[in-house]
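[1] Return a 3D structure for these sequence lines:
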Amino acid sequence: MTRKSAIALFLAAALSAAPASARDKAPDAISASYDGFLNGLRVAAMNERFSARDGRYEIVSETSPVGLFKLFQPRPARFMSAGRVTTNGLQPDRFEGSRGDNDARRVSAEFDWPAQRLTLRHDGRNDVVELRAGTQDRLSIMYQFMFSAHDRLRRLDFTMTNGRKLDRYQYTVTPDVEIDTPLGRLKTLHLAKHREPGDSTTEIWLSPQHGYLAAKMLVIESDGARYEQVATKLEIRP
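    Next up is the predicted model:
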């Protein structure tokens, strides 16, 4: 993973909420705030909104740079995912990401489930790839934990798009891992991405105490750059 893609993943990551076992209904609304850190320095403030109604959902993620980081990237990032709530969880219809209306690096993905086609628009081009069953986008995948049976989960295998490409991801799941967070010391469900030599390290800690909210996310690049995201506030309306 390149530094730019790691930063994008770090800034766009969404957090999820869930009960202690698989759920068949999404909460009506979730709002949350997070802090983002680069090598220990706070560089971003993140706000997330999830809403579900009449079998549909929408997620909006907005990230604003803070401090000295604003000198390098003054424009906030906005990502959106929308689609259906099914018995198997979230099924995205579209995904978008940009830093404003005139952003040349704007990305989007359109999910055509009947035709099994995923259309990716980025850098002035359209790419059409096969849409595999269960595919998520970079926002919806985190909320998909709401529909997982965590007591049986030991391995996570899924396909996900960031609007530029479609990749397969594999994570090892370890229960009862304790960490210190701004929310206190938590017993978490730890997710660690399988990686190839030279690839970045990605880890996520889900908190059962907070409905399987991802209390912390960590990306470490091969050059040692360390990106962290931690939850500072979470509100859930069932």
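[2] Next, the buried residues of stretch 174-190.
    T181, L183, L186, T188, L189, H190 (16 or more other C-beta atoms under 10 Å). The C-beta positions use only the backbone N, C-alpha and C, and glycine is treated the same way.
[3] Need those residues in a markdown table (columns: distance to F147, secondary structure and pLDDT).
    As requested, these are arranged in a markdown table below (distance: C-beta to C-beta, whole Å; DSSP: H, G, I helix; E, B strand; the rest coil; pLDDT from 0 to 100):
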| residue | distance to F147 | secondary structure | pLDDT |
| --- | --- | --- | --- |
| T181 | 24 | strand | 86 |
| L183 | 23 | coil | 83 |
| L186 | 22 | strand | 88 |
| T188 | 19 | strand | 90 |
| L189 | 15 | strand | 91 |
| H190 | 19 | strand | 95 |
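[4] out of those residues, who's nearest A149?
    L189 (11.8 Å; C-beta to C-beta).
[5] Pretty sure the closest one sits against Q209.
    No: the criterion here is C-beta atoms under 8 Å, and L189 misses it with Q209 at 10.8 Å.
[6] Give me the distance between S51 and Q136.
    Relative to Q136, S51 is positioned 18 Å away (C-beta to C-beta, to the nearest Å).
[7] before we move on, back to that, so can I have CSV of the buried residues of stretch 174-190 showing distance to H150?
    Shown next, in CSV, are the buried residues of stretch 174-190 (distance: C-beta to C-beta, whole Å):
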residue, distance to H150
T181, 18
L183, 18
L186, 14
T188, 11
L189, 6
H190, 12
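[8] tell me the two of these that are most distant?
    L183 and H190 (15.9 Å).
[9] got any ranges where this protein has weak pLDDT?
    1-24 (pLDDT under 70).
[10] between S51 and Q136, which one's more packed in?
    Neighbour count, other C-beta atoms under 10 Å: between S51 and Q136, Q136 has more, with 23 against 17.
[11] separation between the more buried one and R155?
    Going from Q136 to R155 by C-beta to C-beta gives 16 Å.
[12] Kindly report the same for R164.
    Taken as C-beta to C-beta, the span from R164 to R155 is 26 Å.
[13] Have a look at these two and say which one is more surrounded.
    Between R164 and R155, counting by other C-beta under 10 Å, R164 is the more crowded of the two (19 against 10).
[14] Which of the three states applies to that one?
    coil (DSSP: H, G, I helix; E, B strand; the rest coil).
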